[in-house]
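> For reference, the sequence and a predicted model appear below.
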Amino acid sequence: MPFNYNEFSLPPLTLGTILWAIYFIYMVGASVFIISENRSPSVTMAWILSFLALPVIGVILYIFLGRTVNFFSRRLHLIPQEMDSDLLQRLRPIVARQAALVNRIRSDPNRSMAQRRLVEMIRRTGLSVLTAADQVEILQDASVKYPLLEADIEAAEHSIHMEYFIWQADSYMQRFADLLIRKAQQGVEVRILFDALGSHFLLWKNRGYLNRLRRGGVKIYPYLNFLGMLQLHTVNYRNHRKIAVIDGKIGYTGGMNMGEEHLIGAKPYTAWRDTHLRLTGDTVSILQGIFITSWYNTTKEVLADLRYFPEHEAVSDNPIAVQIVLSGPDSQWHAIQQQYFLMIMSAQEHVYIQSPFFIPNSSIYEALRVVALSGVDVKLMFAPRDTGSPIANWAANTYFVDMIEAGAKVYLYQPAYMHAKTISIDAAVCSVGTANMDIRSFNINYEMNAVIYDATKAKELEAAFEHDLQGCVRFDAKAYLTRSRFVRFRDSLARLLSPLL
């Protein structure tokens, strides 16, 4: 019997049918997109489920919190092509001197295999040059750092370059602005970068402070300014680095931002505990190169003058080997996470870590548990509460219990807000930097650490750690587990937000 086309008809199109078709196409397209990013299966499934359950909200959350910089933009951590040859030309003598430093570490019988492996891994993952620092001063707290920084700025002859996550406009920073303006009016070039979110108040309620600096000759700009439709997606990618370079000869980096709270504390604290570095030697040129790259990415101004990279006269026959490690959301490798991982796994005797937060990802979590279970003395020191939201501390409680079960010791520092970001292993190698022990610092923020291959400096940092222990309360896992089910569920719920904290 022949087919009767007149009797065949498609079902009528209804609004519901159209919406289901759109939803189906949306889910297929979104799933293909997310799967193609080759993330971990758990992360991939989490985003697919969020798109499924929250079609509009899920996409918005992904745009602002989930998408990778690698897919959407240029790599800001690399030297831009426009200034590639100039900057590499300035750094070439330092790169040439690296071979001698590496050979010195390899041939030194007192150096452990862990140090040799760490040097090589950081060179490959962070593109980090091993440099010679003539002086490495470990500065404990702003009451030590700020006077030194002010004196170095006062003596500056041609350039002051500063890059900070938080740049306050309080009474101390008003006086600091006077110093910068005075130097600018003396003909010194003063350039400052601040993070657009970390220092958002400068763009809103403290515009007068910005304008005063600019009228005084100081060039100051927000880095990764997320305001504007073309940059709004960068709101989740913060520049957490702290850099100061004076005349290309003296450099600073570490945990401290710029603000009076570092001197007097931030509520609910009445003091602030932090660690910073003051450096001289070849390492300063690396800091300068990092700043100049950030400056170009912000202003498109190329700073290639030789005076920004002066030759460093060696003042010591035995300089300290230092590597500056960089990482960011657009890095090929999670270099700082891998630095921490290898340092932890290389420890034979002890691991000492300080950080305000403790929200480790799976690799750092397992590394700490493994070394603790193997008998290594693992001591972890954190702030008992944040100066802002308590959610990170709620999540940390659950990790503390896990660490203690593996044999690690967890301490909460009481006299001040613990903001230092340090790690030291076996009194042999240590690191001072900007990266917290959390997922945000490992994967999302632009961070930098200074790895110091010097037993004397490692012992100095560990002595400060031991002194800080006197002001700590040890976290009691048994007491925590007797707390109400509501509190423990609250903390477990906060742990689910770990990737965003």
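Nice, I can see it.
> The nearest residue to residue 384 once chain neighbours are set aside: neighbouring residues, count only.
Distance criterion C-beta to C-beta, 6 or more residues apart in numbering; nearest residue to residue 384, sequence neighbours excluded, is residue 412 at 4.0 Å. No exception for glycine: its C-beta is placed from N, CA and C like everyone else's. For residue 412, the count of nearby residues is 19 (other C-beta atoms under 10 Å).
> and residue 412, that's in a strand?
Yes: under DSSP: H, G, I helix; E, B strand; the rest coil, residue 412 falls within a strand.
> where along the stretch 351-500 of the chain do the strands fall?
For the stretch 351-500 of the chain, the strands defined by DSSP state E, counting those that start in this stretch occupy 358-359, 377-382, 409-413, 417-418, 422-425, 429-433, 437-438, 447-453, 472-474.
> And the stretch 51-200 of the chain, by the same measure?
Under DSSP E, counting those that start in this stretch, the stretch 51-200 of the chain gives strands at 130-140, 159-164, 189-195.
> need the contact list for the residue nearest to residue 384.
Shown in contact with residue 412 (C-beta atoms under 8 Å, 6 or more residues apart in numbering): 381-384, 472-475.
> out of these, who's nearest residue 209?
The nearest member of the contacts of residue 412 to residue 209, counting by C-beta to C-beta, is residue 383 at 28.2 Å.
> so how far is residue 429 from that closest one?
Distance, residue 383 to residue 429, by C-beta to C-beta, to the nearest Å: 25 Å.
> With residue 106 instead?
Relative to residue 429, and taking C-beta to C-beta, residue 106 is found at 15 Å.
> quick one: which of the two has more around it?
Higher neighbour count among residue 106 and residue 429: residue 429, with 25 against 12, using other C-beta under 10 Å.
> Distance check, that one against residue 477.
30 Å.
> follow-up on the earlier one: out of the strands of the stretch 351-500 of the chain, the one nearest residue 273 is which?
strand 417-418 (5.2 Å).
> returning to that earlier point: how about the strands of the stretch 51-200 of the chain in JSON lines, adding mean neighbour count?
Listed next are the strands of the stretch 51-200 of the chain as JSON lines, based on neighbours: other C-beta atoms under 10 Å:
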{"stretch": "strand 130-140", "mean neighbour count": "21"}
{"stretch": "strand 159-164", "mean neighbour count": "24"}
{"stretch": "strand 189-195", "mean neighbour count": "24"}
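> Could you check how many residues crowd around residue 485?
7.
> Please parse the chain into its domains.
The chain resolves into domains spanning 14-67, 81-112+129-320, 335-500 when parsed by automatic domain parsing.
> In a markdown table: these, plus mean pLDDT.
Converted to a markdown table, the domains of the chain look like this (pLDDT from 0 to 100):
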| stretch | mean pLDDT |
| --- | --- |
| domain 14-67 | 70 |
| domain 81-112+129-320 | 89 |
| domain 335-500 | 93 |
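> Make TSV from the ones you listed and add distance to residue 328 to it.
Output for the domains of the chain, formatted as TSV (distance: least, C-beta to C-beta, whole Å):
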stretch	distance to residue 328
domain 14-67	15
domain 81-112+129-320	7
domain 335-500	4
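> which one of those domains lies closest to residue 121?
domain 335-500 (5.8 Å).
> residues contacting the spatially most central residue of the chain?
By C-alpha atoms, centre = their mean, the chain has its centre lying nearest to residue 447, at 2.8 Å. Applying C-beta under 8 Å, 6+ apart to residue 447 gives the contacts 240-241, 326-328, 336, 433-435, 441.
> Could you provide the residues you listed in TSV, with additional columns for distance to residue 132 and neighbour count?
Listed next are those as TSV, based on distance: C-beta to C-beta, whole Å; neighbours: other C-beta atoms under 10 Å:
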residue	distance to residue 132	neighbour count
240	27	25
241	22	26
326	19	23
327	23	27
328	26	24
336	22	29
433	19	29
434	22	25
435	23	26
441	27	25
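> Of all pairs in these, which one is the farthest apart?
328 and 433 (13.3 Å).
> can you tell me which residues contact the nearest residue to residue 143 once chain neighbours are set aside?
Leaving aside its chain neighbours, residue 143 sits nearest to residue 263 (6.3 Å; criterion: C-beta to C-beta, 6+ apart). Contacts for residue 263 (C-beta under 8 Å, 6+ apart) come out as 142-143, 146, 172, 272.
> Name the residues of the helix or strand that contains residue 263 that are buried.
Assigned by DSSP states H and E, residue 263 belongs to helix 261-264. For helix 261-264, burial by neighbour count (16 or more other C-beta atoms under 10 Å) applies to 261-262.
> Go ahead and produce PDB holding the CA coordinates of stretch 402-410.
Taking C-alpha atoms only, stretch 402-410 is exported to PDB below (Å, rounded to 0.1, in the frame of the first residue of the first chain):
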ATOM      1  CA  ASP A 402      42.700  14.900  58.500                       C
ATOM      2  CA  MET A 403      46.200  16.100  59.000                       C
ATOM      3  CA  ILE A 404      46.300  15.300  62.700                       C
ATOM      4  CA  GLU A 405      45.000  11.800  62.000                       C
ATOM      5  CA  ALA A 406      48.000  11.300  59.800                       C
ATOM      6  CA  GLY A 407      50.400  12.400  62.500                       C
ATOM      7  CA  ALA A 408      50.900  16.100  61.600                       C
ATOM      8  CA  LYS A 409      50.700  18.800  64.300                       C
ATOM      9  CA  VAL A 410      48.500  21.900  63.700                       C
END
